[in-house]
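> Fold the following for me, if possible:
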Amino acid sequence: MLHPFPTISDQKQVLSWAISPDASALEQLAKGIWDGALQTQVRPLVVLSTAGPLIGLRAALEKTRPTDLPNHLAFLPQVMSFADWLEAAPGAWKFPKKQSDLERWLSVYIHLRKHPKLKAWFKAESEAGAWGLAKSVIDACDILSEAILPQLHTELNRMVDSGALDTDTWVKSLEELLENIIHDAYPELSRKIVDQESEVLLIFWRYLTNIGDAVFRKQLAMQAHLEFARTHQAQARPLIWIQTADPKPIEDEMVKQYLSAYAQYAPVVHTSPDWQAVALWPEALVGVNQEGDFHEPNESQHQQLLKNIQNAPFDRWHLKSARRFEELAWAAAQSIQSHLIAGKTNIALVAQDRLAARRVRALLARLGPSLNIQDETGWKIDTTRAAAALNSWLELIRSPKEGPSAHVLMEFLQNPFLDIAACIEKPPEHCLGLVSQLEDILIASQAKSGWETFYMAIEKANAYARTQSASPNDSLLKLLQFIRARHHAWQELHLKCSNAYTLLQQNLRDTGMLTALEGDAAGKQLLEVMKSFDVHARNLQDVAMRLPEWIGLIRSVLEDATYEESGKEAQAKLSILPFSSVRFRNFDAVVFVGCDEQHLPTYSEPPLFFSDTINRLLKTSTRNAQFVQQARDFSQLLVSCPHVDLLWQNKSNRGEPVRASAWIQRLQLANRDWLTDVVKPTISSGVAHPVAQAVTTPEKSLLLPKSISPSAYKALRDCPYKFYVSCLLGLRKAQMFEEGFDASLVGQTLHALLRNFFQMLKTEEQKAGSEIQRDLDARRIWMERELSAISEKEFKRLIEGDSRVLGALRDWQKQIPSFVQWQLQRESAGWRYHNAEHKVGFHLHFKDAEGKECSIRIEGRADRFDISLKDPHQAEVIDYKNQAMPKIKKRAEHVLEDPQLLIYARAVNEDPASAHLQGRQIKHAQWVALKLDLKRDKRLLRSMEVEHLPDLMPKFDQQITEDMQKLWSRESMSAFAPDGVCKYCDARGICRKGAW
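Predicted coordinates for the structure are as follows:
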């Protein structure tokens with residue numbers, strides 16, 4: 001229903017004007033504004049309560065510009081959003097400095113320390129939770145400040161003149177207001193709990209309230225505009241206030257007070273939507289009453305609703321539902337593509353289901369630069385890769401003093417904003433592959449945490465490189481030292497807001513990240529947000545806190561900051577927006593995802609401390625008001641847009657049915673022909689040919705290895721397919737770091753310290769007059785003491801890298817007396833330690849399928865060799881296992897499937913000199929457990945011998961020869977491993993065994 005623009009008279013009162021919020025709403029507003037300008041012959045000031053329709057209204061004003069305008073009205077009327085109008089207040093530079101969110105959060109933190117009651121209230125919160133709670137407290141305080149503004153309007157006027165804030169008066173008024181609210185809202189039984197909450201909130205409000213708060217600055221700005229109109233009445237321009245959304249009652253009250261006062265100096269027109277011809281549901285037409293309850297429509301209103309539904313353009317609305325999330329996203333993407341094909345260039349995607357909207361955006365990204373996608377849903381900075389790069393550094397510096405985990409270290413080193421060349425002062429070409437090399441070293445050595453652990457891994461890798469005539473990479477150590485020095489600076493810092501910000505900025509410069517962030521769109525905005533941490537207030541600069549608290553504060557600020565995408569020229573534009581941003585905006589088509597009962601309507605989280613009843617009494621937003629506003633927004637969208645696609649997922653993730661929004665269901669009841677199109681995926685049919693068994697044949701062009709290790713041969717015995725994938729194709733599963741330390745690293749250290757200990761024992765035995773040669777007890781004491789000391793020495797660097805390794809050392813030291821007893825028993829049986837860590841092997845000769853002579857070397861590194869003092873021709877090979885005895889017993893039951901000791905025995909028997917065992921043969925072999933259960937194993941059985949070793953050797957020789965013949969003959973390889981092997985197999989996912 002069209003309403004003419006009111007006739008402006010000399011009466012000093014606010015004029016009301018209603019517009020119909022349909023497709024012609026902006027045109028109605030533009031024509032009315034030009035009408036007002038012509039009536040007053042003054043360029044009017046137009047203020048919109050929300051900024052969404054700003055650009056559209058300016059375009060409509062240009063389009064409807066009258067042809068006979070006087071010269072002094074040639075310019076477009078000044079159109080501003082409410083927020084911009086407040087910032088443009090006369091003398092705004094004189095207002096008290098506006099406090100940032102960060103400064104207000106820090107104020108909460110300061111007062112937590114000063115007041116025991118507040119500290120007790122917050123004591124259970126984590127760092128992140130505490131800052132979130134601080135934000136909620138500030139929001140609650142702002143609501144209280146807004147609630148008392150009308151009652152203290154006189155005090156506010158006096159405050160504008162004097163610049164003073166009588167806190168005691170405000171608190172007394174607030175206490176009376178809260179007492180009345182609590183009495184009305186809660187039953188008597190809940191008074192104690194509510195009183196405690198109100199007491200805490202009042203304490204916060206008392207000490208946090210500042211005249212620089214946004215609530216008070218808004219009132220100061222309105223008073224400044226009013227004062228300017230009073231003192232410069234000749235320059236006061238007509239004001240057209242456009243209410244684009246239902247205001248909160250308290251805001252409505254304040255705006256009406258202002259407009260009524262401004263009308264004394266210049267014409268004022270208050271513009272609001274008239275929902276009579278647009279509303280499709282009763283709540284959209286009648287709204288809520290002063291008590292916040294729904295109105296019941298009268299008979300004429302009921303008839304109007306029936307008329308609106310009867311005239312509704314159902315043919316322009318399309319209902320689509322999908323069973324699965326991915327199907328919903330594809331359906332939405334296809335809808336948008338169909339609109340683009342039809343020539344529509346201005347399309348909106350309403351992200352009521354934000355997750356689905358994100359997926360739709362990802363699908364549409366493949367359309368390339370021809371489609372300009374602008375996300376207005378509040379894409380947070382903390383979701384950008386620039387924020388991820390900063391967070392990787394924050395995670396590293398908050399690591400314990402021993403050092404970060406390997407996962408945290410690699411996350412930082414692999415971020416794209418890090419300039420490694422600048423860190424180690426080397427040319428960029430020298431740094432190629434440096435991070436990958438470090439990752440390979442840490443994975444291979446299972447170094448999972450701690451600076452010292454990382455150093456040991458690199459030193460070990462460099463030492464190995466020297467033995468292989470390769471060049472060690474010293475840049476790896478230099479890189480770690482660079483990062484460790486900056487990590488150490490944070491550990492030693494007595495953190496305050498000022499020095500923490502300074503040190504972080506220095507870190508970004510040193511690592512080259514600052515330059516890289518400045519060259520990135522999101523990075524540049526991130527740095528602007530970070531500038532807020534450079535607080536200037538002296539009382540905030542000296543605020544001391546723990547490092548985790550400060551990092552939690554940074555993350556909370558980044559979570560609140562919004563990333564703004566830069567626009568670009570394109571053939572078509574897609575705007576992704578929240579539901580509330582659609583009002584009074586024109587689009588060629590709208591695709592609405594999330595039109596189900598779970599997403600539409602949706603309600604904002606109520607402020608902490610306040611129930612919906614208290615919100616109503618405080619005249620702020622309530623659930624009923626939000627329900628009405630969304631009903632009106634939905635009505636406006638359906639009526640004003642030329643094409644609307646409404647989509648939702650009709651099955652939940654649990655398979656439960658999900659219905660359309662109740663608003664859609666009510667329209668379907670009124671129009672039975674308005675049906676839902678269930679989107680079904682395209683079905684492709686074919687005939688399956690099941691695999692009977694996972695079989696592969698090595699290609700003839702595939703080179704076979706010249707040598708294999710015992711572990712590789714075990715893989716062949718476990719499953720030929722596993723051997724084919726890992727050893728022949730060289731495929732490896734992508735390794736990932738996990739928290740904690742790995743037992744293999746402890747095992748490597750135990751092997752090293754036992755080798756050093758036994759070498760020390762041999763040296764001690766050769767000393768003239770050594771007591772350990774004559775006295776068994778002295779030998780036992782010496783061995784336990786020295787083994788414990790050398791264990792402390794070998795584990796020292798590991799513990800410095802990760803203090804959690806201390807537990808592994810203590811567990812091993814408990815094993816030492818039992819291990820020494822086992823060693824003494826071996827010596828009493830005539831065995832003596834000979835040497836350790838020797839690489840031994842043999843050449844296996846065989847013929848392939850074509851009768852060609854072939855040879856392959858089987859070699860590995862044996863842990864230890866002992867010799868017999870009773871028989872000068874006997875020796876024994878020993879393999880240490882950092883495992884419990886039950887696992888070793890399982891190995892003994894299937895020694896031919898895990899023939900590591902048999903390989904070592906054959907190697908030495910064929911070439912004794914390789915292990916410095918000339919004239920001796922291996923006729924004994926055993927595993928030794930380094931992880932004995934001292935409480936349960938009463939017999940303290942530490943070793944398990946390979947039974948009948950000489951009898952097993954011929955079987956082993958025949959087995960390995962046949963296996964190598966099959967391999968070299970390129971016979972078919974079948975996947976047949978048991979589930980225990982498949983569970984940890986690197987080829988899992990490639991192998992088709994599971995499809996049998």
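
> Below-threshold pLDDT in the stretch 601-750 of the chain: ranges please.
606-613, 617, 688-694, 733-744 (pLDDT under 70).

> which stretches of it form strands?
Using DSSP state E, counting those that start in this stretch, the strands assigned to the stretch 601-750 of the chain run over residues 644-649, 676-679, 695-696, 707-708.

> want to throw these into JSON lines with mean neighbour count?
C-beta here means a position set from N, CA and C on the backbone, and glycine is covered the same way. What follows is the strands of the stretch 601-750 of the chain, written out as JSON lines (neighbours: other C-beta atoms under 10 Å):
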{"stretch": "strand 644-649", "mean neighbour count": "26"}
{"stretch": "strand 676-679", "mean neighbour count": "16"}
{"stretch": "strand 695-696", "mean neighbour count": "16"}
{"stretch": "strand 707-708", "mean neighbour count": "19"}
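
> Mind putting the ones you listed into a markdown table with distance to residue 956?
Formatted as a markdown table, these follow (distance: least, C-beta to C-beta, whole Å):
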| stretch | distance to residue 956 |
| --- | --- |
| strand 644-649 | 61 |
| strand 676-679 | 63 |
| strand 695-696 | 26 |
| strand 707-708 | 15 |
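
> Of the ones you listed, which is nearest residue 809?
strand 707-708 (34.9 Å; C-beta to C-beta).

> any residues touching the closest one, and which ones?
Strand 707-708 is contacted by residues 716, 727, 841, 856, 857, 858, 859 when judged by C-beta atoms under 8 Å, 6 or more residues apart in numbering.

> What's the PyMOL line that selects buried ones from the residues you listed?
A single PyMOL command selects the buried members of those (16 or more other C-beta atoms under 10 Å):
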select buried, resi 716+727+841+856+858+859
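
> Return the subset of the contacts of strand 707-708 lying in strands.
841, 856, 857, 858, 859 (DSSP state E).

> Could you export these as TSV, including distance to residue 58?
Shown next, in TSV, are the ones in strands among the contacts of strand 707-708 (distance: C-beta to C-beta, whole Å):
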residue	distance to residue 58
841	83
856	81
857	82
858	82
859	81
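
> circling back: which among the contacts of strand 707-708 gets closest to residue 990?
Nearest to residue 990, judged by C-beta to C-beta, of these is residue 727 at 13.8 Å.

> burial of residue 455, as a residue count?
The burial count assigned to residue 455 is 20, neighbours taken as other C-beta atoms under 10 Å.

> Please identify which helix or strand holds it.
Element membership for residue 455, per DSSP states H and E: helix 451-467.

> Please, where are all the helices along the stretch 351-500 of the chain?
For the stretch 351-500 of the chain, the helices defined by DSSP state H, counting those that start in this stretch occupy 354-364, 385-397, 406-413, 420-424, 434-445, 451-467, 474-492, 497-510.

> Residue 232: which of the ones you listed is closest?
Here helix 497-510 is closest among the helices of the stretch 351-500 of the chain (C-beta to C-beta), at 43.1 Å.

> Output the contacting helices and strands for the closest one.
Helix 497-510 sits against helix 385-397, helix 474-492, helix 513-518, helix 538-541, with contacts defined as 3 or more C-beta pairs under 8 Å, 6 or more residues apart in numbering; DSSP states H and E.

> what's residue 390 in contact with, if anything?
When contacts are counted by C-beta under 8 Å, 6+ apart, residue 390 touches 513, 517, 526, 558.

> ditto for residue 746
Applying C-beta under 8 Å, 6+ apart, the residues contacting residue 746 are 798, 805, 808, 812, 882.

> Excluding residues flanking it in the chain, which one is nearest the fourth one?
It refers to residue 812. Counting by C-beta to C-beta, 6 or more residues apart in numbering, residue 812 lies nearest to residue 791, which is 6.1 Å off, once chain neighbours are set aside.

> Next: the third one.
Leaving out its chain neighbours, the residue that sits closest to residue 808 by C-beta to C-beta, 6+ apart is residue 746, at 4.6 Å.

> and what of the last one?
Using C-beta to C-beta, 6+ apart and skipping residues adjacent in sequence, the residue nearest residue 882 is residue 747, 3.8 Å away.

> list the buried ones in the helix holding residue 455?
By 16+ other C-beta under 10 Å, the buried positions in helix 451-467 come out as 451, 452, 453, 454, 455, 456, 457, 458, 460, 461, 462.

> which residues in the stretch 801-950 of the chain form helices?
805-828, 885-893, 900-910, 949-968.

> Go ahead and name everything in contact with the helix or strand following the last one.
Per DSSP H and E, the first helix or strand lying C-terminal to helix 949-968 is strand 973-974. Contacts made with strand 973-974 from outside it, assessed by C-beta under 8 Å, 6+ apart, are listed as 693, 694, 695, 696, 697, 698, 720, 721, 723, 724.

> and if we set it to 10 Å?
693-698, 716, 719-725, 728, 966-967, 993 (C-beta atoms under 10 Å, 6 or more residues apart in numbering).

> How about stretch 483-495?
Contacts to stretch 483-495, defined as C-beta under 10 Å, 6+ apart, come from residues 393-394, 396-404, 409, 412-413, 418, 423, 451-452, 454-455, 499-500, 503-504, 506-507, 510-511, 543-547, 549-551.

> who wins for proximity to residue 28 among the strands of the stretch 601-750 of the chain?
Between residue 28 and the strands of the stretch 601-750 of the chain, the shortest gap by C-beta to C-beta is with strand 644-649, which sits at 21.1 Å.

> My guess is residue 144 contacts residue 615. True?
No - at 11.5 Å, residue 144 does not count as touching residue 615 under the criterion of C-beta atoms under 10 Å.

> could you dump the contacts of strand 707-708 to a markdown table with distance to residue 430?
Output for the contacts of strand 707-708, formatted as a markdown table (distance: C-beta to C-beta, whole Å):
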| residue | distance to residue 430 |
| --- | --- |
| 716 | 40 |
| 727 | 33 |
| 841 | 37 |
| 856 | 39 |
| 857 | 36 |
| 858 | 39 |
| 859 | 35 |
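
> between the contacts of strand 707-708, which is closest to residue 441?
Residue 441 lies nearest to residue 727 out of these, by C-beta to C-beta, at 21.6 Å.

> now the closest residue to the closest one other than its chain neighbours: how far from residue 634?
Nearest residue to residue 727, sequence neighbours excluded (C-beta to C-beta, 6+ apart): residue 712, at 5.0 Å. For residue 712, the distance to residue 634 equals 66 Å [C-beta to C-beta, to the nearest Å].

> now swap in residue 143 and tell me
Distance, residue 143 to residue 634, using C-beta to C-beta: 27 Å.

> Compare neighbour counts for those two and give me the winner.
Remark: of residue 143 and residue 634, residue 634 carries more neighbours, 26 against 22, as counted by other C-beta under 10 Å.

> Could you report the neighbour count for the nearest residue to that one once chain neighbours are set aside?
Nearest non-adjacent residue to residue 634, counting by C-beta to C-beta, 6+ apart: residue 663, 5.9 Å away. Residue 663 is flanked by 22 other residues according to other C-beta under 10 Å.

> Just list the residues touching residue 663, thanks.
Residue 663 neighbours (C-beta under 10 Å, 6+ apart): 280-281, 283-284, 595, 597, 600-601, 630-631, 634-635, 638, 646.

> Tell me the one among the contacts of residue 746 nearest to residue 245.
Proximity of the contacts of residue 746 to residue 245 was ranked by C-beta to C-beta; the top entry is residue 805 with 60.9 Å.

> distance of the closest one from residue 784?
Using C-beta to C-beta, one obtains 21 Å as the distance from residue 805 to residue 784.

> likewise residue 631?
Going from residue 631 to residue 784 by C-beta to C-beta gives 82 Å.

> Let me know the pLDDT of the nearest residue to residue 724 once chain neighbours are set aside.
Leaving aside its chain neighbours, residue 724 sits nearest to residue 973 (5.2 Å; criterion: C-beta to C-beta, 6+ apart). The model reports residue 973 with a pLDDT of 74.

> how close does residue 973 get to residue 325?
From residue 973 to residue 325 the distance is 40 Å (C-beta to C-beta).

> Those two: which is more packed in?
More crowded of residue 973 and residue 325, by other C-beta under 10 Å: residue 973, with 22 against 16.

> Could you give the bridge partners of the more buried one?
Beta bridges link residue 973 to residue 696 when assigned by DSSP bridges.
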